[in-house]
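sharing a model prediction with you, sequence too.
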Amino acid sequence: MVWRRSLTAVGRSLTALLAGGCLAASADAALAQEPDRIFDKSTVWRPLTPNDKLVVYGIDDPDVAGVACHYTQPEKGGIKGTLGLAEEVSDISLSCRQVGPVKFKGKVKQGEVVFSERRSLIFKSMQIVRGCDAKRNTLIYMVYSDKVVQGSPKNSTSTVPLMPWGTELPPKCGDFLG
């Protein structure tokens with residue numbers, strides 16, 4: 001399962017209409033789980049419209065129980081930001097941790113998308129992908145943004161060494177690579 005989140009409801013509707021996939025977009029949105037908005041901090045004050053902010057979100061890995069990630073991203077305010085028309089910058093930080101006993105729900109692939117969201121009306125998206133360092137029994141999460149024409153080299157990486165939880169021994173991530 002891949003999570004997808006659009007910037008706003010207006011942005012989601014416009015994107016679906018412009019992409020010509022109204023039914024597919026609404027079916028995908030119905031299956032998607034929204035990330036948890038933890039808190040935000042204003043960075044630029046804007047009169048009469050929402051401020052620019054740094055926003056912290058939390059997500060759980062949909063395929064690996066016991067792992068959670070938090071990411072911080074800038075969100076534009078102003079009129080364009082309010083309408084979902086602003087292209088968001090690629091400066092996103094990421095931190096992932098083991099928060100319980102780790103259980104794989106099935107096979108996973110190197111570089112598999114764990115979470116995705118749009119960062120502009122059509123052309124730009126943010127991806128969180130997962131990999132496994134079998135030698136070190138560590139899950140690796142990377143966040144980056146891509147664009148139809150040119151992506152961004154800005155990225156952030158976080159690792160989750162799989163450790164015992166209580167009396168449970170950790171699984172070997174290499175055993176679940178598909």
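Everything's here; your move.

tell me the secondary structure at the spatially most central residue of the chain.
The chain has Phe115 as the residue nearest its centroid, 3.9 Å off, counting by C-alpha atoms, centre = their mean. Secondary structure, DSSP: H, G, I helix; E, B strand; the rest coil: Phe115 is strand.

now tell me what touches stretch 95-111 from outside.
61-71, 129-132, 139, 141, 158-163, 165-166, 168, 170-171, 173, 176-178 (C-beta atoms under 8 Å, 6 or more residues apart in numbering). The way it works is simple: take the backbone N, C-alpha and C, and place the C-beta from them, glycine included.

do me a favour and get the end-to-end distance for that stretch?
Across stretch 95-111, the terminal residues are separated by 17 Å (C-alpha to C-alpha, to the nearest Å).

try stretch 132-140
6 Å.

mind listing what's buried along it?
Cys132, Asn137, Leu139, Ile140 (16 or more other C-beta atoms under 10 Å).

can you tell me what sits against it?
Contacts for stretch 132-140 (C-beta under 8 Å, 6+ apart): 61, 64, 67, 96, 108, 110, 130-131, 157-162, 170, 172-174, 176-177.

same question for that stretch, mean pLDDT?
What stretch 132-140 shows for mean pLDDT is 98.

likewise stretch 168-177?
On average, stretch 168-177 scores 96.

cool, stretch 77-92 as well?
Mean predicted lDDT for stretch 77-92 stands at 71.

assign Asp175 to helix, strand or coil.
Assignment for Asp175 (three-state DSSP): helix.

picking that back up, mind listing which of the contacts of stretch 95-111 are in helices?
Within these, no residue falls in helices by DSSP state H.
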